[in-house]
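**Q** starting from these lines, generate the structure:
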Amino acid sequence: MTQASIAPAVTHRCPVPGGVLYVNELGDGPLVLVLGGISGDRDAITASGDGWWQGLAEAVNPGKFKVITVDYAGGNGASDVDALPTTIAEQAAYISTALQELDWIEFHAVVGGSYGGLVALELAQDKRLQFERVAVIGAAHRPTAQAVMLRALQREFVRLGDAAGQPERGAQLARALAMLSYRSADGMDKYYPNPKDAVAYIESRGLRTVERSLPRARQLFEIFGPALDDYRIEPYHIEQPTLLIGFDSDQLVPPSLLHEFHAALPDGRGCHILPSTYGHDGFIKNTADYATVLAHFLEC
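**A** Numbering: from 1, shown residues only. You can find the predicted model right below:
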């Protein structure tokens with residue numbers, strides 16, 4: 001089956017405590033749950049080829065697997081809940097509930113990138129859903145001090161914007177700082193020879209997030225950010241075969257942290273650190289570089 005022959009995704013509206021979660025299924029075969037970054041939604045991979053994480057389709061083949069994607073509770077998608085998830089465990093519980101509503105319990109694999117990598121780890125240790133294997137890209141068992149500091153500054157921008165009567169500008173600057181932390185210094189220098197263009201780029205990314213939804217943008221910093229800061233998991237709780245992928249220029253999840261994580265896993269199946277000019281965003285931008293490794297892990 002080629003990607004061109006895959007039918008459009010089927011969207012499910014799943015009741016969860018205090019709201020609904022929207023879930024997409026695409027393709028056919030063993031279930032593979034794909035969990036994207038903090039600002040992602042369920043349109044990570046699409047039949048039309050325009051998903052925001054579309055490059056992952058080369059490894060997570062909708063012609064071989066049934067790919068499941070979600071809108072995070074309180075995130076940028078259409079899902080809506082009364083009680084926003086303040087921890088990774090609460091986010092994972094919403095997703096687990098939704099998937100159990102669909103009678104999807106046994107999964108071939110879960111693949112998580114960045115924020116989604118932490119949700120994947122939480123689901124793997126929770127065991128209400130069964131995963132044969134776990135692949136984590138750009139995420140680890142604990143945050144670094146630098147990542148926590150950067151997110152603290154993002155929240156302070158939001159607060160200062162409120163105090164100045166400019167909440168949109170505060171959230172825009174917070175997102176701009178987040179974008180700066182996602183990218184590498186070498187990459188920004190390479191892709192923006194004129195530094196003013198680099199400034200315009202991160203400003204534009206911030207503006208786009210605010211224009212999409214100011215309340216949702218604020219939640220990324222005030223709710224999702226602290227959840228990232230507070231998350232810790234004991235590696236020995238992840239009993240499934242686990243693949244780790246990271247990037248040499250990632251300042252949020254550096255190679256040293258991934259090696260530490262992999263060494264403590266009961267069944268680590270490799271810690272692949274790839275060169276990237278995109279820093280943390282390598283999980284989206286460098287899919288072609290890790291697709292073969294990931295595809296082999298999913299198939300073996």
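
**Q** quick one: buried residues of stretch 73-88?
**A** 73-77, 79, 81, 84-85, 88 (16 or more other C-beta atoms under 10 Å). (Each C-beta comes from the backbone N, C-alpha and C, glycine too.)

**Q** repeat that for stretch 245-255.
**A** In stretch 245-255, counting by 16+ other C-beta under 10 Å, buried: 245-247, 249-254.

**Q** please export the C-alpha coordinates of it as CSV.
**A** Taking Å, rounded to 0.1, in the frame of the first residue of the first chain, the C-alpha atoms of stretch 245-255 are listed here in CSV:
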residue,chain,number,x,y,z
ILE,A,245,17.0,9.2,19.5
GLY,A,246,18.6,12.6,20.1
PHE,A,247,20.6,15.4,18.5
ASP,A,248,24.0,16.7,19.1
SER,A,249,22.9,20.4,19.1
ASP,A,250,19.8,19.9,21.4
GLN,A,251,20.2,22.3,24.4
LEU,A,252,17.0,21.1,26.1
VAL,A,253,17.7,17.4,26.0
PRO,A,254,21.5,17.1,25.5
PRO,A,255,23.2,13.8,24.5
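
**Q** now for the buried residues of stretch 245-255: which two are most distant?
**A** Ile245 and Gln251 (16.4 Å; C-beta to C-beta).

**Q** just give me the residue closest to the centre of this structure.
**A** Nearest to the mean C-alpha position of the chain, by C-alpha atoms, centre = their mean, lies Gly37 at 2.2 Å.

**Q** nearest residue to that one in space, please, no chain neighbours.
**A** Nearest residue to Gly37, sequence neighbours excluded (C-beta to C-beta, 6 or more residues apart in numbering): Ser114, at 4.1 Å.

**Q** can you give me the neighbour number for the one you found?
**A** Neighbourhood size, Ser114 [other C-beta atoms under 10 Å]: 26.

**Q** now do the contacts for it.
**A** 36-38, 137-139, 253, 280, 283 (C-beta atoms under 8 Å, 6 or more residues apart in numbering).

**Q** Ser5 now?
**A** Gly63.

**Q** same question, Gly51
**A** 43-45, 57.

**Q** so it is in which element?
**A** Following DSSP states H and E, there is no helix or strand that holds Gly51.

**Q** got it, and Ala176?
**A** helix 167-182.

**Q** starting at the chain centroid, how far to that helix?
**A** 18 Å (C-alpha atoms, centre = their mean, to the nearest Å).
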